[in-house]
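Engineer: Based on what follows, work out the 3D shape:
(chains A and B, ligands or ions: 2)
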Amino acid sequence: MNNFFDLKLVELGRWIEAFFADFPSLKLVVHLLLCTLPLALSFMGAFAFTTWLERKGLARIQNRPGPNRVGIFGLLQPIADGIKMLIKEDIVPERSDKLFHFLAPIMLMIPALIGVGFLPLGDGLHALPLDSAIIFFFAISSLNTIAVFMAGWSSRNKYSLLGGMRAVAQMISYEIPLVLSAVAVIMIAGSLNAQEVVASQQISSWVGSGNILQEFFGRILGWNVFKPWGFAGFIFFFVAALAEANRSPFDLPEADSEIIAGHLTEYSGFKYAIFFMGEYISAFAIAGIGVTLFLGGWNGPVFSGLPWFVLKLFSLFAVMIWIRGTLPRLRVDQLMGYAWKFLFPLAILNIFLAGFYHFIERQWGTAIAMLAGWILGFGALQLAATALSRLNQSPIMRSKRVYQLVE
Amino acid sequence: MSLLAKGILKGMAVTAKNFFQSYYRKERLPTVQYPEEKSTITPFTRNFPFLLYDGDDAVDGMRCTACTLCERACPPQCIYIIKDKDEKGKPILRPRIFDIDTSVCMSCQLCVEVCPYEAIRMDSAFELSNENRFEGLLINRGDLLKSNDYYHALNPVEARETDDRIAAKNALAEAKKKARQKKTRLAAAKAKRPPSRLKKSPPAREKPPQPEKSE
Ligand code: SF4
Ligand code: SF4
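Structural biologist: Ligands and ions are numbered 1, 2, ... in the order given. The predicted structure follows:
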């Protein structure tokens, strides 16, 4: 009953494959298509829906109604936008590097879609069930950087190049806290397999017990966010993920008030649409891995499986939109300083805290570990954070400033 | 650090408040969906001038005397006036052509300020777009003329003030005319009297009446 949706979907896949049982080679092709095509299509659909969600949400935050002309509540607006993008002229700068200018959006799109394949969407719904899925995911998703820099470099435009440079600096810097905060989870789960990481986030003794209340909470309270190191790790991960996905307040590569649209400046028409889609899907992928690592993946009460994953993914994205509607863009030096001087040491500290937590739990039980973790562990993190922000403060200017033009 | 976190949380609370209140509070969603609904027009809205006439006939009751003051005052020079003439070529005090170019008018209301005959006022109609971008945007005399009732509906307070002003002006003119008539009558009476009586009469306060030449 619990994994109803997932089981039905898997059954549907088996049923379709059964038609091709006599042709093994054809069956393989069908199997591959069944693994990949629905995934790619549904994430493209999710992209379209998210653009609508984002525009609506931002509009409401700014006290506007947002798109409301095409379809009810403007729900068909993404389709109208897509058609508009399709029939627009595709302008390529005359002296650009045409090949790389053409390849960059594709280069962004492919790793994004592969990254999505590593996400465990539900029990058994897993396009690429590798044993090292998580490390593979981080490896693939860092290809984004190359695509963005390709776009920036090949456009032969100063703004594009600046955007590309910023993107490289930012994405490489933030990858480190991103992966380091994931390390704590991998360490505790003891596996790089995404399904196992998800499975580790249940309180297994409660889930099988048959008690309704324990069944219900066993699937929630086991999530890593509810553990002290997981909570801190989730915050670090989320901040780094915002920067990885070029989302506000870390959208420096496309800072439109400074450098037009950064690496997107010279893109138009369909290539722009692909670029846009690639960025959203990689944001989805990163949010998805965040859900997998910290928010319990597809675990959830009543009907665990795909619906919960989708719900969590969209909630996380809604928070991203909310942040975009709230926070102003960072300065470049603040951005880099934040990654290297603040997130990076804290993420390392968090790994140690997770280790201590693990041993205390094994020695004295969960309750004491929780207590120690929330009080001592958070105290240590708070102390470190305060110390770091003190250290990072710019030196106080002691001499009085002299204005030469004013007497 | 905690300062930063507090600031971020505060900002997030503000945006969340704006987001949710936009669903149930009118002042958080002030957008007016224009073609379907129109925003309220106050009596003081002004967009484009129109000409006023009294009575029923637009041409006869026209207040404008084609003095061209507004034509000369208009900063972007979008008013075009040609005076009317009767069949004999004698000028009549009204415009034969009175055009205003909507695409040029900048709604400054100077024409209204300058008109001595209260003949031109600002209208609040704003949907002036047209399919023909040459003749369509040039509003001519026939379309500019609106009755005084229209003005009353548009801006009752100002319309009443204008009416009062015109009435006062008319009354003044009437009084002057009467006074003049009296004087001419007096002068005529004086002329009939014998000159000997003239010396005895007390000195007149006003100047001795002169025969009217102008009328
Ligand atoms: S509208 Fe007024 S100012 Fe303009 S020509 Fe007529 S009377 Fe003169
Ligand atoms: S409102 Fe101003 S611009 Fe328009 S016709 Fe009158 S004087 Fe000219």
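Engineer: Please give me every residue in contact with residue B:38.
Structural biologist: The contact partners of residue B:38, by CB atoms under 8 Å, 6 or more residues apart in numbering or on different chains, come to residue B:32. Backbone N, C-alpha and C define where each C-beta goes, glycine included.
Engineer: Same check on the one 4 residues further on?
Structural biologist: By CB under 8 Å, 6+ apart, the contact set of residue B:42 is empty.
Engineer: State which helix of chain A is the longest.
Structural biologist: Longest helix of chain A, by residue count under DSSP state H: helix A:24-61.
Engineer: what about dumping the CA coordinates of whatever helix or strand comes next after that helix to CSV?
Structural biologist: Next helix or strand after helix A:24-61 toward the C-terminus (DSSP states H and E): helix A:77-87. Provided in CSV are the C-alpha atoms of helix A:77-87 (Å, rounded to 0.1, in the frame of the first residue of the first chain):
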residue,chain,number,x,y,z
GLN,A,77,2.1,30.8,-20.5
PRO,A,78,5.2,28.4,-20.7
ILE,A,79,3.8,27.0,-24.0
ALA,A,80,3.3,30.5,-25.4
ASP,A,81,6.8,31.3,-24.3
GLY,A,82,8.2,28.2,-25.9
ILE,A,83,6.5,28.9,-29.2
LYS,A,84,7.8,32.5,-29.1
MET,A,85,11.3,31.2,-28.5
LEU,A,86,11.0,28.7,-31.3
ILE,A,87,10.0,31.2,-34.0
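Engineer: residue nearest the centroid of chain B?
Structural biologist: residue B:121 (2.7 Å; CA atoms, centre = their mean).
Engineer: where's that one, which helix or strand?
Structural biologist: strand B:120-123.
Engineer: so what does the helix or strand following that strand touch, helix or strand wise?
Structural biologist: Beyond strand B:120-123 on the C-terminal side, the first helix or strand identified by DSSP H and E is strand B:138-139. In terms of contacts (3 or more CB pairs under 8 Å, 6 or more residues apart in numbering or on different chains; DSSP states H and E), strand B:138-139 is packed against strand B:91-101.
Engineer: Does anything pack onto the longest helix of chain A? Which helices or strands?
Structural biologist: helix A:4-18, helix A:77-87, helix A:98-117, helix A:269-294, helix A:306-326, helix B:2-24.
Engineer: rerun that using 6 Å as the cut-off
Structural biologist: Contact here means 3 or more CB pairs under 6 Å, 6 or more residues apart in numbering or on different chains; DSSP states H and E; on that basis helix A:24-61 packs against helix A:4-18, helix A:77-87, helix A:269-294, helix A:306-326, helix B:2-24.
Engineer: Just the buried residues of that helix, please?
Structural biologist: A:30, A:34-36, A:39-40, A:43, A:46-48, A:50-61 (16 or more other CB atoms under 10 Å in any protein chain shown).
Engineer: One more: stretch A:203-220?
Structural biologist: By neighbour count on 16+ other CB under 10 Å, the buried set for stretch A:203-220 is A:203, A:206, A:207, A:214, A:215, A:218, A:219.
Engineer: For chain B, which residues are neighbours of ligand 1?
Structural biologist: Near ligand 1, the residues belonging to chain B are B:64-70, B:81, B:114-115, B:117, B:119-120 when assessed by CB under 6 Å from any ligand atom.
Engineer: Now with 8 Å, please.
Structural biologist: B:51, B:63-71, B:73, B:79, B:81, B:95, B:98, B:111, B:114-120 (CB under 8 Å from any ligand atom).
Engineer: restrict the residues you listed to those near chain A?
Structural biologist: When contact is defined as CB under 6 Å from any CB of the partner chain, those do not meet chain A at all.
Engineer: can you list the helices and strands packed on helix A:24-61 in TSV and add mean pLDDT and distance to ligand 2?
Structural biologist: Below are these laid out as TSV (pLDDT from 0 to 100; distance: least, CB to the nearest ligand atom, whole Å):
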stretch	mean pLDDT	distance to ligand 2
helix A:4-18	79	67
helix A:77-87	88	38
helix A:269-294	89	42
helix A:306-326	89	41
helix B:2-24	86	37
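Engineer: looking at those helices, which is buried most?
Structural biologist: Mean neighbour count (mean count of other CB atoms under 10 Å in any protein chain shown) peaks for helix A:269-294 among the helices and strands packed on helix A:24-61, with a mean of 23.
Engineer: Report all helices and strands that that one contacts.
Structural biologist: Against helix A:269-294 (3+ CB pairs under 6 Å, 6+ apart) you get helix A:24-61, helix A:77-87, helix A:98-117, helix A:228-244, helix A:306-326.
Engineer: Try it again at 7 Å.
Structural biologist: Judged by 3 or more CB pairs under 7 Å, 6 or more residues apart in numbering or on different chains; DSSP states H and E, helix A:269-294 is in contact with helix A:24-61, helix A:77-87, helix A:98-117, helix A:133-141, helix A:158-189, helix A:194-199, helix A:228-244, helix A:306-326.
Engineer: Now the longest helix seen in chain B: buried residues?
Structural biologist: The single longest helix within chain B, with elements called by DSSP H, is helix B:156-192. Within helix B:156-192, the residues that count as buried by 16+ other CB under 10 Å are B:159, B:162, B:183.
Engineer: now check that helix, is it near ligand 2?
Structural biologist: No - using CB under 8 Å from any ligand atom, helix B:156-192 stays clear of ligand 2, coming no nearer than 15.7 Å.
Engineer: now that helix: mean pLDDT?
Structural biologist: Averaged across helix B:156-192, pLDDT comes to 88.
Engineer: And for stretch A:393-405?
Structural biologist: The average pLDDT within stretch A:393-405 is 71.
Engineer: quick one: terminal-to-terminal distance for it?
Structural biologist: Using CA to CA, to the nearest Å, one end of stretch A:393-405 lies 30 Å from the other.
Engineer: do the same with stretch A:332-341
Structural biologist: Termini of stretch A:332-341 sit 14 Å apart (CA to CA).
Engineer: tell me how far that stretch is from the chain's mean position?
Structural biologist: 20 Å (CA atoms, centre = their mean, to the nearest Å).
Engineer: can you list the residues that contact it?
Structural biologist: A:166, A:169, A:170, A:173, A:174, A:177, A:250, A:252, A:388, A:392 (CB atoms under 7 Å, 6 or more residues apart in numbering or on different chains).
Engineer: need the contact list for residue 80.
Structural biologist: No chain in the question, so chain A it is. The contact partners of residue A:80, taken as CB under 7 Å, 6+ apart, are residue A:70.
Engineer: The chain in question should be chain B.
Structural biologist: B:97, B:99.
Engineer: Could you rerun that using 6 Å?
Structural biologist: residue B:99 (CB atoms under 6 Å, 6 or more residues apart in numbering or on different chains).
Engineer: Pull out the CA atoms of the helix or strand of chain A with the lowest mean pLDDT and give them to me as CSV.
Structural biologist: Using mean pLDDT, DSSP states H and E, helix A:204-207 stands out as the lowest-scoring helix or strand of chain A, at a mean of 71. Provided in CSV are the C-alpha atoms of helix A:204-207 (Å, rounded to 0.1, in the frame of the first residue of the first chain):
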residue,chain,number,x,y,z
SER,A,204,13.7,1.0,10.6
SER,A,205,12.6,-0.5,14.0
TRP,A,206,9.5,1.8,13.8
VAL,A,207,8.6,1.3,10.2
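Engineer: Check the burial of the residue nearest to residue A:100 when sequence neighbours are not counted by counting its neighbours.
Structural biologist: In space, and not counting its chain neighbours, residue A:100 is closest to residue A:154: 3.7 Å by CB to CB, 6 or more residues apart in numbering or on different chains. Residues lying near residue A:154 (other CB atoms under 10 Å in any protein chain shown) number 24.
Engineer: Since that was my last question, I'll sign off now.
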